[in-house]
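In: task: produce atomic coordinates for the following.
(4 chains)
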Protein chains: 2
Amino acid sequence: MAGKRKTGARQKIITEQALAMLAKHGLAAVNIAGLAQRVGLVPSGIYRHFKSKAEIVDAVLNLILERLTGFADAAAEAALDPIEQLRSLLQHHVAMLNDNPGIPSFVFAEAIFSTQSRRRANVRSIVESYLARVARIIERGQELGSIRSDVEPTAIAVMFLGLIQPLIILRQITEGEFDAKRQVETSWPLFVEMLKVRGP
Amino acid sequence: MAGKRKTGARQKIITEQALAMLAKHGLAAVNIAGLAQRVGLVPSGIYRHFKSKAEIVDAVLNLILERLTGFADAAAEAALDPIEQLRSLLQHHVAMLNDNPGIPSFVFAEAIFSTQSRRRANVRSIVESYLARVARIIERGQELGSIRSDVEPTAIAVMFLGLIQPLIILRQITEGEFDAKRQVETSWPLFVEMLKVRGP
DNA sequence: ATCAATTGTGAATTGAGATTCACATGCTAG
DNA sequence: CTAGCATGTGAATCTCAATTCACAATTGAT
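Out: As a prediction, this is how the structure comes out:
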């Protein structure tokens, strides 16, 4: 028998392992048998700690929310200059890309197709919290005068997201041939130029 | 009994209906029973025309490839000015967004997780063909002098993709509250500015 | 018109994965 | 120390969707 753990601790382990499976191999690869094995339990054991697989997925979603907002907050504290903060955040995402291709794909797919409205609301809060934090950084940049003020912070936040999303897909699709770092080295300066420029 | 059709015609119908299901409700919603019903057959009837569901999905992928490259080519012919061509293409994607949220999510998820390498290669060709066409437009813009020449066309094509991807997720996640058209009205002029600007 | 190939049907079969259940074991409060 | 609860186990079971199969209807070539 695997060592016993209190349900709180077990839930944490299960959620983390589920996230790991999801991140590496996608939602389709998250199954109870495999999850149980990673956790060091037998499939039925999982059900001592979660009522259903759906409940596990919800927990994973919450974990993703925590981590993602955590990244944004960390970036906001990593530098003084807002533009530098964004750069730091972007760089962090690029670094995560290799090991965790599943997360964005999962979040987006769930956002689009989940039939349970609780789940959809959950995903929505993830994306909106994240965008709000990015927008907040941009707003501070506008206040400090380093970012043009004639554009909504939210609109810029969405464009920032647009800097990241293509990297995710291209990195995977080309099995590593696509160089995300290199792309960012081109696109980031253009993005920054855009944030400042008010005309030629 | 449903009217008989030759296998070629039936395959076309099945593929189109599968794409419609996929586009509206996601890959998870594509099942043989539902597909058969849409086509006007009984589930087993599907197997007269496809060996397996996987084969159907492959056919859908090819159909997506055709349509997507078709859009890009159409856009390239819709205007003389390359920048105007890009705008036309972007606008087309925005218009498609509402009814077909499933396609991008599917393509990206397959790109990332499909275990069959044939499938992955297929997806890769979709994305690369599309990007190549966009890059081609940009290259022509550079030749004509309307787009700055100090940046790789491909890098700009990737950024163009970044203009589109966030719209897909946000539109769906907010259940229509997010106004993609409005976002594009902000982001597109900035993008164009960026294509031209060489410094303040 | 006829026969062979093609296409369609409805009823099984299969398989994979989630979930349940009866029982075993370990922990903890009293 | 021991009763009772929480946690773990292994063997079913349940569910759902894909797939197969034996048989029927239709079509097209001769």
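In: tell me the mean pLDDT for stretch A:37-44?
Out: Along stretch A:37-44, the predicted confidence averages to a pLDDT of 98.
In: sorry, that was for stretch A:160-170
Out: 94.
In: CA atoms only for it, dumped as PDB, please.
Out: What follows is stretch A:160-170, C-alpha atoms only, in PDB (Å, rounded to 0.1, in the frame of the first residue of the first chain):
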ATOM      1  CA  PHE A 160       0.800  41.500 -26.200                       C
ATOM      2  CA  LEU A 161      -1.100  38.200 -26.000                       C
ATOM      3  CA  GLY A 162      -0.700  38.200 -29.700                       C
ATOM      4  CA  LEU A 163       3.000  38.300 -29.400                       C
ATOM      5  CA  ILE A 164       2.900  35.000 -27.400                       C
ATOM      6  CA  GLN A 165       0.200  32.900 -29.000                       C
ATOM      7  CA  PRO A 166       1.900  32.300 -32.300                       C
ATOM      8  CA  LEU A 167       5.000  31.100 -30.600                       C
ATOM      9  CA  ILE A 168       3.100  28.400 -28.900                       C
ATOM     10  CA  ILE A 169       1.700  26.900 -32.000                       C
ATOM     11  CA  LEU A 170       4.800  27.400 -34.200                       C
END
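In: is chain B within reach of that stretch?
Out: Yes - on the criterion CB under 8 Å from any CB of the partner chain, stretch A:160-170 is in touch with chain B at A:161-166, A:168-170. Yep, even glycine has a C-beta here, placed from its N, CA and C like the rest.
In: need the residues of chain A near DNA strand C, please.
Out: A:1, A:3-4, A:30-33, A:43-44, A:47, A:51-54 (CB under 7 Å from any atom of the strand).
In: tell me the pLDDT at A:G70?
Out: Reported pLDDT for A:G70: 97.
In: circling back to that earlier point, DNA strand D: which of the residues of chain A next to DNA strand C is nearest?
Out: DNA strand D has its nearest neighbour among the residues of chain A next to DNA strand C in A:S44, at 2.7 Å by CB to the nearest atom of the strand.
In: the strand or helix carrying the closest one: which residues count as buried?
Out: A:S44 is part of helix A:43-46, with elements assigned from DSSP states H and E. Within helix A:43-46, the residues that count as buried by 16 or more other CB atoms under 10 Å in any protein chain shown are A:45-46.
In: can you show me the CA trace of it as CSV?
Out: The C-alpha coordinates for helix A:43-46 follow below in CSV (Å, rounded to 0.1, in the frame of the first residue of the first chain):
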residue,chain,number,x,y,z
PRO,A,43,-7.2,4.2,-9.9
SER,A,44,-10.0,3.9,-7.4
GLY,A,45,-7.8,5.6,-4.8
ILE,A,46,-8.1,8.8,-6.8
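In: show me what that helix is packed up against.
Out: helix A:32-39 (3 or more CB pairs under 8 Å, 6 or more residues apart in numbering or on different chains; DSSP states H and E).
In: check the secondary structure at the residue positioned nearest the centre of chain A for me.
Out: Ranked by distance to the mean C-alpha position of chain A (CA atoms, centre = their mean), the top residue is A:L68 at 4.8 Å. Of the three states, A:L68 takes helix according to DSSP: H, G, I helix; E, B strand; the rest coil.
In: wait, it touches A:S125, no?
Out: No - using CB atoms under 8 Å, A:L68 is not in contact with A:S125, being 10.7 Å away.
In: just name the shakiest helix or strand of chain A by mean pLDDT.
Out: helix A:102-113 (a mean of 79; mean pLDDT, DSSP states H and E).
In: relative to helix A:102-113, how tilted is the helix ranked longest in chain A?
Out: Criterion DSSP state H: the longest helix present in chain A is helix A:117-144. For helix A:117-144 against helix A:102-113, the angle by axes from the mean of the first three to the mean of the last three CA atoms, to 10 degrees is 110 degrees.
In: now helix A:117-144: buried residues?
Out: Buried residues in helix A:117-144 (16+ other CB under 10 Å): A:119-120, A:122-127, A:130-131, A:133-142.
In: which secondary structure elements does that helix contact?
Out: helix A:53-78, helix A:82-97, helix A:102-113, helix A:153-173, helix B:153-173.
In: okay if I get the ones you listed as JSON lines plus distance to DNA strand D?
Out: Converted to JSON lines, these look like this (distance: least, CB to the nearest atom of the strand, whole Å):
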{"stretch": "helix A:53-78", "distance to DNA strand D": "13"}
{"stretch": "helix A:82-97", "distance to DNA strand D": "30"}
{"stretch": "helix A:102-113", "distance to DNA strand D": "14"}
{"stretch": "helix A:153-173", "distance to DNA strand D": "25"}
{"stretch": "helix B:153-173", "distance to DNA strand D": "22"}
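In: what pLDDT does A:I126 get?
Out: 91.
In: list the contacts of the closest residue to it other than its chain neighbours.
Out: Among residues not flanking A:I126 along the chain, A:L65 sits closest, at 4.5 Å (CB to CB, 6 or more residues apart in numbering or on different chains). Counting by CB atoms under 8 Å, 6 or more residues apart in numbering or on different chains, A:L65 makes contact with A:122, A:125-126, A:129.
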